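S.K.: What would the 3D arrangement of this be:
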Amino acid sequence: MLKNTIMNKIILAFLLITLTVFAHAQNANDIVFGKIDTIESKILNEERPLMIYLPNGYSTDKSYPVIYLLDGAANYHNTSTIMAHLSWTYDKICPEMIVVGIPNTNRNKDLTPYKPSFDPYMPQYMIEESGGGEAFISFIEKELMPYIESKYATAPYRVLFGHSLGGFMVLHTLLHHTELFDAYIATDPTADWVDGRIMQEFKDFNSNKMDDKVDLFIGMGSMNIGQDKNEIIADPYHESKSYESLFELDDFLTNTQQHNFRYGSKFYKNENHFSVRLIATYDAMRFLFDFYRVDITSSDWENPEVNLADKIRKLYERRTKGLGYEVKPEENYIKGLAEYYLSLEQHPKALQLFALNIDLYPESAHVYDAIGDYYTTTNEIAKAIENYRKSLSITENDSVRDKLKKVQDK
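M.R.: Down below sits the predicted model:
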């Protein structure tokens, strides 16, 4: 116990050092890119450090999917940077997400759900330490997730990421705790653990028991940069057997159709075991969130005849279906668009956007005030009065009251 306590303090100190460049002090000259947190685990009987990234502009008025990272210290910076990059503009590839890195205290124990009896290429200490993966997953499910979801504005969509042994643990979690996560990412997973047992477990896996859709993406690097799959399999070095197990698993998953289970993968000939996780994470996000991209063209924005509001509505309906919970454009964003087209005197386009806001936010006083301004501009006085009154019936506002009086006096 004392050894674990000392080790945890060393890990926490290391994490604090690695994040110093991002969050040493809170002033205008700092680049803040996350924070260190801790959680006391009764299941694991130890304090666990966490690395937390919140999206730029994080607000408790919104909700955010969460990606949990195994090998947190190794994967936090690249993953959180990718998430920030893919979600920071209107043309988002994926939603803004909270990133939770789970650094290791004992990697061999936490990331292996069962022990090998013997492996000539594995140190004895690693065999002895292994097999604690089920307790680790129990910690994530029963302690970490409730902690994160009580402290942050989370949405009901979770992703689990792991690399190497962590990738193997991702695959095990998918098979045995499927509904814990909505999507799984494994880069270069150790598919030959205990004689490639994971392959048979996938063959026995029955996705018909799943109530909800689950996605899996596997990214595979080359054993040596430049080697293709056939060259790796033919390589006499014993490590090639690990890759052969992974390629067999990939072939099986690619060619097996399962209910509510979507699989994607990619082999990166010019990446090795360590470099592959960066590009594979990027591609995994594009695969998982292929429904999220904006398909509204420049012509749609510029053409006065195009019903932009309808295209925006369909975009968010698609995002809602893909994520499994309601996703809406922000009220002020739609209002700003509507006012922009009103300023261009593209009245039909503007009116469609004002009406969309009412459909999306019928309890908001602001949407009726805004469309009242539209009708005032177009000199449709009766409709302006009706909507100003509707706005005031929800929330009394001196400015809206003054506008109502002015149009009534016309």
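
S.K.: Distance from whichever strand or helix holds Val99 to the middle of the chain?
M.R.: Assigning secondary structure by DSSP states H and E places Val99 in strand 98-101. Centroid separation for strand 98-101 versus its chain: 9 Å, with Cα atoms, centre = their mean, to the nearest Å.

S.K.: The helix or strand that that strand is followed by - contacts with which helices or strands?
M.R.: Downstream of strand 98-101, the first helix or strand assigned by DSSP H and E is helix 107-110. In terms of contacts (3 or more Cβ pairs under 8 Å, 6 or more residues apart in numbering; DSSP states H and E), helix 107-110 is packed against helix 124-129, helix 133-139, helix 165-176. C-beta here means a position set from N, CA and C on the backbone, and glycine is covered the same way.

S.K.: what separates Ser275 from Gly372, distance-wise?
M.R.: Using Cβ to Cβ, to the nearest Å, Ser275 is found at 57 Å from Gly372.

S.K.: Would you mind telling me which of those two has more residues around it?
M.R.: Set side by side, Ser275 and Gly372 show more neighbours around Gly372, with 26 against 14, by other Cβ atoms under 10 Å.

S.K.: Surely Tyr68 touches Tyr157?
M.R.: No. Taking Cβ atoms under 8 Å as the definition, Tyr68 is not a contact partner of Tyr157, at 11.8 Å.

S.K.: higher neighbour count, those two?
M.R.: Neighbours were counted for Tyr68 and for Tyr157 using other Cβ under 10 Å; Tyr68 has more, 24 against 21.

S.K.: Next, Ala155: secondary structure please.
M.R.: strand (DSSP: H, G, I helix; E, B strand; the rest coil).

S.K.: ok, for it, nearest residue in space, not its chain neighbours?
M.R.: Ser63 (3.9 Å; Cβ to Cβ, 6 or more residues apart in numbering).

S.K.: Number of residues surrounding Lys62?
M.R.: If you count neighbours by other Cβ under 10 Å, Lys62 ends up with 13.

S.K.: Touching, it and Thr154? I think so.
M.R.: No. Lys62 sits out of contact with Thr154 when judged by Cβ under 8 Å, with a separation of 10.3 Å.

S.K.: what's downstream of whichever strand or helix holds Asp373, the next helix or strand?
M.R.: If you go by DSSP H and E, Asp373 is part of helix 365-377. Using DSSP H and E, the helix or strand that follows helix 365-377 towards the C-terminus is helix 381-394.

S.K.: Report the mean confidence score over the next helix or strand after that following helix.
M.R.: Heading C-terminal from helix 381-394, the first helix or strand you meet, by DSSP H and E, is helix 398-408. Across helix 398-408, pLDDT averages out at 94.

S.K.: in helix 398-408, what counts as buried?
M.R.: Going by neighbour count (16 or more other Cβ atoms under 10 Å), the buried part of helix 398-408 is 400, 403-404, 407.

S.K.: Contacts for that helix, please.
M.R.: Identification of contacts with helix 398-408 by Cβ atoms under 8 Å, 6 or more residues apart in numbering yields 365, 369, 372-373, 376, 381, 384-385, 388-389, 391-392.

S.K.: Off-centre distance for that helix?
M.R.: With Cα atoms, centre = their mean, you get 45 Å for helix 398-408.

S.K.: That one to helix 365-377, inter-axis angle?
M.R.: Counting by axes from the mean of the first three to the mean of the last three Cα atoms, to 10 degrees, helix 398-408 lies at 30 degrees to helix 365-377.

S.K.: Show me what the strand or helix carrying Asp251 packs onto, helices and strands only.
M.R.: Asp251 is part of helix 240-254 when elements are defined by DSSP H and E. Applying 3+ Cβ pairs under 8 Å, 6+ apart, one finds that helix 240-254 makes contact with helix 193-204, strand 214-221, helix 229-234, strand 261-268.

S.K.: Which parts of it count as buried, going by neighbours?
M.R.: Per 16+ other Cβ under 10 Å, helix 240-254 contains these buried residues: 240-247, 249-250, 253.

S.K.: and if you look at stretch 105-117?
M.R.: Of the residues in stretch 105-117, those buried (16+ other Cβ under 10 Å) are 105, 107-113, 115.

S.K.: Kindly format the C-alpha coordinates of it as CSV.
M.R.: The C-alpha coordinates for stretch 105-117 follow below in CSV (Å, rounded to 0.1, in the frame of the first residue of the first chain):
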residue,chain,number,x,y,z
THR,A,105,-0.3,3.6,-11.9
ASN,A,106,0.4,0.0,-13.0
ARG,A,107,-0.2,-0.5,-16.7
ASN,A,108,0.4,-4.2,-16.7
LYS,A,109,-2.3,-4.8,-14.1
ASP,A,110,-4.9,-2.3,-15.3
LEU,A,111,-4.8,-3.0,-19.0
THR,A,112,-4.9,-6.8,-18.9
PRO,A,113,-8.2,-8.5,-17.9
TYR,A,114,-6.6,-12.0,-17.6
LYS,A,115,-3.2,-13.5,-17.0
PRO,A,116,-1.1,-15.6,-19.4
SER,A,117,0.1,-18.8,-17.8
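
S.K.: got a list of contacts for it?
M.R.: For stretch 105-117, using Cβ under 8 Å, 6+ apart, the contacting residues are 4, 7-8, 11, 44, 46, 48, 70-71, 104, 122, 125-127, 129-134, 136-137, 162, 165-166, 168-169, 172, 176, 193-195, 197.

S.K.: ok now that stretch, how far from the chain's centre?
M.R.: That offset, for stretch 105-117, works out to 26 Å (Cα atoms, centre = their mean).
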